[in-house]
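Visitor: requesting a structural model of the entry that follows:
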Amino acid sequence: MRFVHDRVGAIVAVPVAEASRCASRIAIRCLWTFSVPASTQAFISRIATAVPPHDGHALFVGFLPQLIHDPRHLKIVQRLASRAQIAHRYSVLSAATEGPALDADGFYQPGHFATTAQRMRRYAVSAPALAEQAVSQLLEGDDRQRITHLIVASCTGFAAPGVDLELQTRLGLRSDLERTVIGFMGCYAAFNALKLASAIVGARPDARVVVVCVELCTLHLRDDPAPEKVLGFLQFADGCGAALVTADPGGLRLDRFRCEVVTEARDLICWTIGDHGFDMVLSPDVPQALGRVLPGVLPHLLSDEARAGVRHWMIHPGGRSVLDAVEEALALEPQALTLSRRVLHDFGNMSSATILFVLQSLLDAPVDDGPGVAMAFGPGLTVESLQFTRMVRAAC
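Guide: This next block holds a predicted model:
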């Protein structure tokens, strides 16, 4: 069964044959419309990003012999890690200067890893600080009292009062600020935050919405030598992306969203809470599953004519093999995913924040304006898509 929704207008049950040419199954299509004037459009006016000061990629790779004691498994993980096309991953944890621990805080000591409570205490301190850094850049020179809404997405920690209230206080935002927290949705959560921001601006054109995606993935290394667990962790990093969404023309116009959930692949990506951190399941079958699903997803977002006009493909870099699978499934030119691959190389996978890094690189790049498509993937198996238009030069 597949669950599909976009901004069209109803909830209906239809044969999958209509969408997937498979008459033996049934799909439930959830179609949504915003009751706003057709002329009202939401734009990502600008994006700011931030990462912690500690480049931890080599540090975590160097810790592998302390974690994996089977020489054969260790060699396999080291070889695959070297092929991941990741050079840097930033962490709120700094390297230990002495002793057997990986980090200066002693989170990861051989045979004794931090509890979930300890990790959440660190999240409650470090996540607001990193988010403050990104949002301060985003709003530099702005009247912060004009910000009407704040949306925070994160799946790597919980606290209350949380990042939203901390930002409101630290940045001096208005007391009647409308706040929303999107939790535990994973790498595609930025799309849900942007959907909400778009709906808010559509209903209230004077709204100025700050979207924040902050993730501290490196707080969740597990004391588990299974190669697939370790390789999954070695892709993830800490980072924060912040976007200002308004009705002011310019930047990236948010044209259309679509979500498809492929329930037969729901066990391929999982994110659960354990006693010693959050446990990530990232199956090596994810690229193959995306390769099967994506050719059937794209026609619901774009007509053949519209697809031919797409100039920008902004794909969440969930890993080298994920980008390779998307490139092949959508028959893209090798250079189409250059910006996504560059973000993966320079920062790793920062879960929900990553797509904002990719979109920021598009805003800053010396490229032509025009239509684009963004995508991200996560638990469900969920495929989130956005059709947008880059309008940087048009706004100048």
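
Visitor: what is the least confident helix or strand in the protein?
Guide: Of all helical and strand segments in the chain, the minimum by mean pLDDT, DSSP states H and E falls on strand 26-31, at a mean of 34.

Visitor: for residue 125, see how far away residue 119 is.
Guide: 11 Å (CB to CB, to the nearest Å). Every C-beta, even on glycine, is put in place using the N, C-alpha and C of the backbone.

Visitor: comparing those two, which residue is more hemmed in?
Guide: Between residue 119 and residue 125, counted using other CB atoms under 10 Å, the more crowded position is residue 119 (21 against 12).

Visitor: got the contact list for the residue nearest to the spatial centre of the chain?
Guide: Geometric centre of the chain, nearest residue: residue 352, 2.3 Å, by CA atoms, centre = their mean. Going by CB atoms under 8 Å, 6 or more residues apart in numbering, residue 352 touches 153, 154, 155, 185, 186, 187, 188, 189, 190, 193, 213, 215.

Visitor: the first one: how many residues sit nearby?
Guide: Neighbour count of residue 153, defined by other CB under 10 Å: 30.

Visitor: off-centre distance for the lengthiest strand in the chain?
Guide: In the chain, taking DSSP state E as the definition, the longest strand is strand 252-262. Relative to its chain's centre, strand 252-262 lies at 14 Å (CA atoms, centre = their mean, to the nearest Å).

Visitor: what's the answer for stretch 57-67, then?
Guide: The answer for stretch 57-67 is 25 Å, by CA atoms, centre = their mean.

Visitor: next: stretch 255-273.
Guide: Distance, centroid of stretch 255-273 to centroid of chain: 13 Å (CA atoms, centre = their mean).

Visitor: which parts of the stretch 151-300 of the chain are helices?
Guide: In the stretch 151-300 of the chain, helices defined by DSSP state H, counting those that start in this stretch lie at 163-170, 189-203, 227-233, 286-301, listed in chain order.

Visitor: now the angle from the last one to strand 252-262?
Guide: What it means is helix 286-301. Put simply, helix 286-301 runs at 120 degrees to strand 252-262, going by axes from the mean of the first three to the mean of the last three CA atoms, to 10 degrees.

Visitor: so which bits of the helix ranked longest in the chain are buried?
Guide: What stands out as the longest helix in the chain, according to DSSP state H, is helix 116-138. Neighbour-count burial for helix 116-138 flags 116, 118-120, 122-124, 126-136, 138 (criterion: 16 or more other CB atoms under 10 Å).

Visitor: so what does the longest strand of the chain touch, helix or strand wise?
Guide: strand 2-6, strand 42-50, helix 189-203, helix 286-301, helix 354-364, strand 382-390 (3 or more CB pairs under 8 Å, 6 or more residues apart in numbering; DSSP states H and E).
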